[in-house]
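Undergrad: Sequence plus predicted model, see below.
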Amino acid sequence: MATVAVTAPPESRPRKLVNFWRDGDQITHLVTLLFAASVLLVTVFLVYELWIHSGPSRAKFGFSFLTGRTWDPVAEKFGALPFIYGTVLTSFLALLISVPLGVGAAIFLSELAPPKLSNACTFLVELLAAVPSVILGLLSIFTLVPLMRLYVEPFFKRTFGFLPLFQGPAYGVGYLTAGIALATMTFPFVISISREALLAVPREQREAALALGATKWESTWQVVVPFARLGIIGSIFLALARALGETMAVTMVIGNDTGIHTSLLAPGYTIAAIIANEFTEATGDIYLSSLVELGLVLFALTMVLNAAAQLLIIATTRRGSRQD
Amino acid sequence: MKKLILWITLLAIAAPLAASAETINAAGATFPAPIYQKWFEDFHKAHADIQINYQSIGSGGGIRQLTEGTVDFGASDMPMTDDQLSKITKYKVLHFPTVLGGVVPAYSVAGAASLKFSGDTLAGIFLGNIKKWNDAALAKDNPGVKLPNEDITVVHRSDGSGTSFVWTDYLSKVSPEWKMKVGANTSVNWPVGLGGKGNEGVAGLVKQTPNSIGYVELIYAAQNKMEYGSVKNVAGSFVKADVASVTEAAAGAAKDMPADFRVSITNAPGKNAYPISSFTWMLLPDKIDDATKKKSIKDFLAWMLTTGQGNAADMFYAPLPKPVVAKEQKQIALIK
């Protein structure tokens, strides 16, 4: 009798555990928590690896790595400024072209176009977004570069040649060409996501605006677009992320020159491009760790720009009406 | 139906087992990769039990993987430096030259065929000192050729490569200014010019851009029928690169070949020697613990130096000169 009484409590414990596991919510909670944690873990691990492997370069150059303008593998003297400049400039050019184009196209597709045309275009846009960047890069070399050299760049030089932005020889490759190649890569993202955001705007909003006597365009521009603002900004920053990290297509058309030039027609370099170009043949610890440090710089750059994005969203939300 | 699936499953499991050969892993230079792949395939046909896997990840990567001990042997377009060798303490690294390649100046200038370049002129162009095609130095090298009064667009490799090493090594030898300002490496701080990725990137830019000059591997120029110039050698004659003139450069250098084969043969003596030539090397440890693996590797090296050399020229690689082969055959015995 006594033995039964003693063994009873251990029996009840597994039962509790079973009950716990039967509770679907708990399991989902745990599993999704693990999934979410893996994102954080991968990020932390990435930073850790970049930090450790860039050690020799950080020790040797310190903060002067960020401001250094020479990249000389023979003398083992490395500075990241030309690459930071090239990365920011080409991404900015890409957004300058792809955002008005993409948002405009999204407005047309979601608000104005007949549904049949809209669906066909959306399908094509999504197809365009799936084209591998190396294909677009090759295409750029053989079509975009000659076009730029023969027509676009001479036109800019003739028309805006008095500006330092459009001086120097027209090689066909350079910051501007890279920006245009990046724009073709990013604008499908802007269209696709902005269109989704615009379609998600409740019908009542449009009806209310029209009921107040707004024209179709006034309702679209003053009511629907502001309402979908968060989604549109989101699409822009996704495009920015893609532009910052793009490698193959950029290195094929940017000219790969380690100088800093004011002219948009001049050849330049981006962080991702030089890592891809020189990593395989990098010999020597300082050389290799400098390339890893460039990776760290790119990571930091992406963080800074993402933070700026968040701030921008907060700032614009305060000015306009809150949606939540 | 079930039986069929069973058989397929069994076969899928058994197939790799049946072919379970001695697997040797190697990694390194991309420049000789096409002939290495062919050699490993041919050798596998002759010796079904030996399978050599080669990853063409670049010379730097080959040296790194050899240092870390993740491959059985490496391959490189430039000999290892003393500094790199000192990092490997477990064994000594033996350099085996395998084939030769040349690097040629490719250009596109309207109306100018078969241009000639002296070393000084090439260095001047790539330093940015010679800016126009009708510069006096170019006119002197090319008497009777009418060169245009146009700016020269220089094109170089943007990715680190053995090709760039050979090119800059040559320019360092012929121009003190180049040696002081730029130097020789797989990537350098180029004073002027556009960077193209890979041979195809440089070739693409040169073909498209009027009045441009770049450099590509001889094999690449030959296979793609590109226009390339001849280069003045030590003996003072302008030589156009081909398999014979590249081998001649190696023969000229063979007399003073150091015992460890770590030699640069750019600017080599010899009347018909092409001056921008180079060996490419396999890098082997001199101590291999696994006895069967050691025998397989030694067999392969012996085969490569005899039968293998035979099909080099078909693929536009220059075969090794006889004295070098004889010296290397002796070196095989050093693998213990």
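TA: Thanks, I have the structure now. Predicted model only: the values in this text are computed from it and were never measured.
Undergrad: switch to C-alpha atoms for all contacts and neighbour counts from now on
TA: Will do.
Undergrad: For the stretch 151-300 of chain B, which residues are neighbours of chain A?
TA: Residues of the stretch 151-300 of chain B found near chain A (CA under 8 Å from any CA of the partner chain) are B:158-161, B:182-190, B:193-197, B:201, B:204, B:208-209.
Undergrad: Point out the other helices and strands that the top helix by length along chain A packs with.
TA: Taking DSSP state H as the assignment, the helix of chain A that covers the most residues is helix A:285-319. If you count contacts as 3 or more CA pairs under 8 Å, 6 or more residues apart in numbering or on different chains; DSSP states H and E, helix A:285-319 packs onto helix A:24-53, helix A:55-61, helix A:229-245, helix A:271-278.
Undergrad: circling back to that earlier point, among the residues of the stretch 151-300 of chain B next to chain A, which lie within strands?
TA: B:L194, B:G195, B:G196 (DSSP state E).
Undergrad: Mind listing what's buried along the longest helix of chain A?
TA: Across helix A:285-319, burial judged by 16 or more other CA atoms under 10 Å in any protein chain shown covers A:286-299, A:301-302, A:305-306, A:309.
Undergrad: low-confidence ranges in the stretch 101-250 of chain A?
TA: By pLDDT under 70, the stretch 101-250 of chain A contains no weakly predicted segment.
Undergrad: For the stretch 101-250 of chain A, which residues are neighbours of chain B?
TA: Counting by CA under 8 Å from any CA, the stretch 101-250 of chain A sits next to chain B at A:I141, A:P146, A:Y171.
Undergrad: want to throw the residues you listed into JSON lines with distance to A:A272?
TA: Below are these laid out as JSON lines (distance: CA to CA, whole Å):
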{"residue": "A:I141", "distance to A:A272": "18"}
{"residue": "A:P146", "distance to A:A272": "24"}
{"residue": "A:Y171", "distance to A:A272": "22"}
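Undergrad: Among the residues you listed, name the ones in strands.
TA: Among these, no member falls in strands (criterion: DSSP E).
Undergrad: Of those, grab the buried ones for ChimeraX.
TA: Buried members of those, defined by 16+ other CA under 10 Å, are picked up in ChimeraX with:
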select /A:141,146,171
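Undergrad: coming back round to it: quick one: which of the residues of the stretch 151-300 of chain B next to chain A sit in helices?
TA: Counting by DSSP H, these place B:G201, B:G204, B:Q208 in helices.
Undergrad: pLDDT wise, what is the residue nearest to B:W190 when sequence neighbours are not counted at?
TA: Using CA to CA, 6 or more residues apart in numbering or on different chains and skipping residues adjacent in sequence, the residue nearest B:W190 is B:V182, 7.1 Å away. pLDDT for B:V182: 92.
Undergrad: tally of neighbours for B:V182?
TA: Neighbours of B:V182 under the rule other CA atoms under 10 Å in any protein chain shown: 21.
Undergrad: Please report the distance of it from B:I152.
TA: Noted for B:V182: a distance of 19 Å to B:I152, by CA to CA, to the nearest Å.
Undergrad: go on, B:G201?
TA: For B:G201, the distance to B:I152 (CA to CA) stands at 18 Å.
Undergrad: quick one: B:A221 and B:Y228 touch, right?
TA: Yes. Under the criterion of CA atoms under 8 Å, B:A221 makes contact with B:Y228 at 7.5 Å.
Undergrad: can you list residues touching both of those two?
TA: By CA atoms under 8 Å, 6 or more residues apart in numbering or on different chains, B:A221 and B:Y228 have these common neighbours: B:V104, B:A106.
Undergrad: out of these two, which sits in the more crowded spot?
TA: The residue with more neighbours, out of B:A221 and B:Y228, is B:Y228; 25 against 20, by other CA under 10 Å.
Undergrad: ok, the more buried one - contacts?
TA: So B:Y228 contacts B:V104, B:P105, B:A106, B:Y107, B:S114, B:L115, B:A221 (CA under 8 Å, 6+ apart).
Undergrad: Excluding chain neighbours, give the residue nearest to the fifth one in space.
TA: Closest residue to B:S114 apart from its sequence neighbours, by CA to CA, 6+ apart: B:G229 at 5.4 Å.
Undergrad: returning to that earlier point: and the contacts of B:Y228, which two are the farthest apart?
TA: Maximum pairwise distance among those (CA to CA): 15.0 Å, between B:L115 and B:A221.
Undergrad: Would you map out the domains in the chain?
TA: Going with chain A. Domains of chain A are assigned by automatic domain parsing as A:13-53, A:60-323.
Undergrad: I was after chain B.
TA: Domain ranges of chain B: B:2-100+B:278-334, B:102-255, per automatic domain parsing.
Undergrad: Please identify the most buried of those domains.
TA: Among these, ranked by average contacts under mean count of other CA atoms under 10 Å in any protein chain shown, first place goes to domain B:102-255 (a mean of 21).
Undergrad: quick one: the helices in the stretch 101-250 of chain B?
TA: Applying DSSP state H, counting those that start in this stretch to the stretch 101-250 of chain B gives helices spanning B:119-127, B:136-141, B:162-174, B:176-181, B:198-208, B:218-223, B:243-254.
Undergrad: what helices or strands is the fourth one leaning on?
TA: So the one you mean is helix B:176-181. Going by 3+ CA pairs under 8 Å, 6+ apart, helix B:176-181 lies up against helix B:162-174.
Undergrad: cool, and the longest one?
TA: When contacts are defined as 3+ CA pairs under 8 Å, 6+ apart, helix B:162-174 packs onto strand B:93-108, helix B:119-127, helix B:176-181, strand B:212-217.
Undergrad: and if you look at the second one?
TA: Packed against helix B:136-141 by the contact rule (3+ CA pairs under 8 Å, 6+ apart) you find strand B:116-117.
Undergrad: List the contacts of the strand it packs on.
TA: The contact list for strand B:116-117 (CA under 8 Å, 6+ apart) reads B:L138, B:D141, B:N142, B:G229, B:S230, B:V231, B:K232, B:F238.
Undergrad: Show the pLDDT at the residue nearest to the first one when sequence neighbours are not counted.
TA: In this case it means B:L138. Leaving aside its chain neighbours, B:L138 sits nearest to B:T121 (6.7 Å; criterion: CA to CA, 6+ apart). Note for B:T121: predicted pLDDT of 93.
Undergrad: Kindly report the same for the one 4 residues further on.
TA: On pLDDT, B:I125 comes in at 94.
Undergrad: next one: the one 4 residues further on
TA: Confidence at B:N129, expressed as pLDDT, is 92.
Undergrad: before we move on, what about the one 10 residues further on?
TA: Looking at B:A139, its pLDDT is 90.
Undergrad: Enumerate every residue touching the nearest residue to B:L66 once chain neighbours are set aside.
TA: In space, and not counting its chain neighbours, B:L66 is closest to B:G74: 5.7 Å by CA to CA, 6+ apart. Applying CA under 8 Å, 6+ apart, we find B:G74 in contact with B:A26, B:A27, B:G28, B:G62, B:I63, B:Q65, B:L66, B:M282, B:L283, B:L284.
Undergrad: right, and the pair among those residues with maximum separation?
TA: Greatest spacing in the contacts of B:G74, by CA to CA: B:Q65 and B:M282 (13.0 Å).
Undergrad: and A:V173, what does it touch?
TA: A:V173 neighbours (CA under 8 Å, 6+ apart): A:V145, A:M148, A:R149, A:V253, A:I254, A:G255, A:L265, A:A266, A:P267.
Undergrad: Tell me who's in contact with the second one.
TA: Residues touching A:M148, when contacts are defined by CA under 8 Å, 6+ apart, comprise A:A170, A:G172, A:V173, A:T177.
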